[in-house]
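Asks: here's a sequence, model it:
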Amino acid sequence: MLRSIRNVPYSIWVITCAHAVNDLASGALFVALPFFKAKFGLSYAELTAIVLLQNLTSSVSQPIFGYLSDQKSRPWWMPVGCFVSGAVMLISLLVPTYPLVLLCTAISGFGSAAFHPEGAKMVNWLSGKGKGKGASLFAVGGNAGFAIGSLFLGTLLLGGPVLLYVFILPYVAISVMFLSVMKNLSRLPQRKEPSSAVAIKVNLPLMALLGMVLMRATVNSGISTFVPLYYVSFLHGSTAYAASLLTVYLAAGAIGTLLGGTLSDRYGSRKVMLYSILPVALLLYLFIIFEGIWVFILLALISILLAATFTSSLVLAQRMMPGNIGMASGLTLGFSIGLGAIGVLLLGWVADVSGLPLVFNILAFLPIAGFILTLFVQEPADILQREG
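Replies: Below is the predicted model:
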């Protein structure tokens, strides 16, 4: 495996690093929630509204950027979108009012939305026959950035307002790195050839796949949102401890992403999703019961299993929509995940009315629904065989 990684083109490494930097802002947002709550005296519903807005702008809008990317490649979207995502996230921590936080969150989200479909499509093109490997590396970059983002901002928040400006430095660095590869990226096909256009077939397997991604995304966003709030606001623990929990959860996702890509190549994406999503229900139930080191272990296992479905669902969607790689990437990376944020908003209302423990009981049920939906997912070869 190490040999195959060494053969990865430099451009893919740059895009993977850019994905990590871009998603620093997304991971940092969840650690920023207790900061916003204390600064503005917000309710849980108002906090989850921030998460909803970030997900709607950064995720639900991705298919639009993906469609535009399929029509004409715009490599410059990657550095510009990445920088906007981080710079405006920093500004959201400094503004004096809650409405301005919402505005900054929306702008930062659109920057992230511009990056993802273009980045995923470029990696798909650059990967040649190793598309699963390329997609795994790209996804791991995002997972790593998401994980580091929480710890990064959590550390900066302990140092006072002046130290917050350090948050922008990775975004400046990755913008400089892009200068070395933009010429090569511009040589890739810029417009979709008419002969390559393939109509998008909306069928049961595709809808079931997106439904499974929706269930997984709701669970993932729910954990990322409510774990820090549970330990800081409900159990009155420290922000550093909550940030450590979230970092372990998000970092373990990198392992699951790599395993998901490798196992999908060997056994098929559908099998990976089936065997990964169902055990999460039991593990989430145990999470509320156990204490100490077991909390970290359970979160790591949950993250590995959820992330194992991520790469497999992305590659499977791209295979289902071969003439619309950007759109497929936008749907799996963004749209379904963004819709999952609506569920998180409802969970915020549940938390305000009935308490945070009930939220985790609800989250434990959703993987069962995801498992049932996965039963209707089919690999493209199986679909063609059935239709033939």
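Asks: all helices of the stretch 151-300 of the chain, in order?
Replies: Remark: helices assigned in the stretch 151-300 of the chain by DSSP state H, counting those that start in this stretch are 169-178, 182-186, 204-229, 239-267, 269-277, 279-289, 293-320.
Asks: show me the shaky parts of this structure.
Replies: Along the chain, the model assigns pLDDT under 70 to residues 1-7, 129-130, 186-202, 233-237, 336-339, 341, 381-388.
Asks: mind doing that once more with 50?
Replies: For the chain, the stretches with pLDDT under 50 are 1-2, 193-198, 383-388.
Asks: save the helices of the stretch 151-300 of the chain as JSON lines, and put in distance to Phe371 too.
Replies: For the C-beta atoms, the positions are set from N, CA and C on the backbone; glycine is no exception. Listed next are those as JSON lines, based on distance: least, Cβ to Cβ, whole Å:
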{"stretch": "helix 169-178", "distance to Phe371": "37"}
{"stretch": "helix 182-186", "distance to Phe371": "39"}
{"stretch": "helix 204-229", "distance to Phe371": "8"}
{"stretch": "helix 239-267", "distance to Phe371": "16"}
{"stretch": "helix 269-277", "distance to Phe371": "5"}
{"stretch": "helix 279-289", "distance to Phe371": "8"}
{"stretch": "helix 293-320", "distance to Phe371": "10"}
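Asks: to Ile12, which of those lies closest?
Replies: For Ile12, the closest of the helices of the stretch 151-300 of the chain is helix 182-186, at 10.6 Å, according to Cβ to Cβ.
Asks: now do the buried residues in that closest one.
Replies: Counting neighbours by 16 or more other Cβ atoms under 10 Å, one finds that the buried residues in helix 182-186 are Leu185.
Asks: show residues contacting it.
Replies: 11, 75-76, 79, 122 (Cβ atoms under 8 Å, 6 or more residues apart in numbering).
Asks: just the CA trace of it, in CSV.
Replies: What follows is helix 182-186, C-alpha atoms only, in CSV (Å, rounded to 0.1, in the frame of the first residue of the first chain):
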residue,chain,number,x,y,z
MET,A,182,-2.4,25.4,-11.4
LYS,A,183,-0.6,25.2,-14.8
ASN,A,184,-0.9,21.4,-14.8
LEU,A,185,-4.5,21.5,-13.7
SER,A,186,-5.4,23.9,-16.4
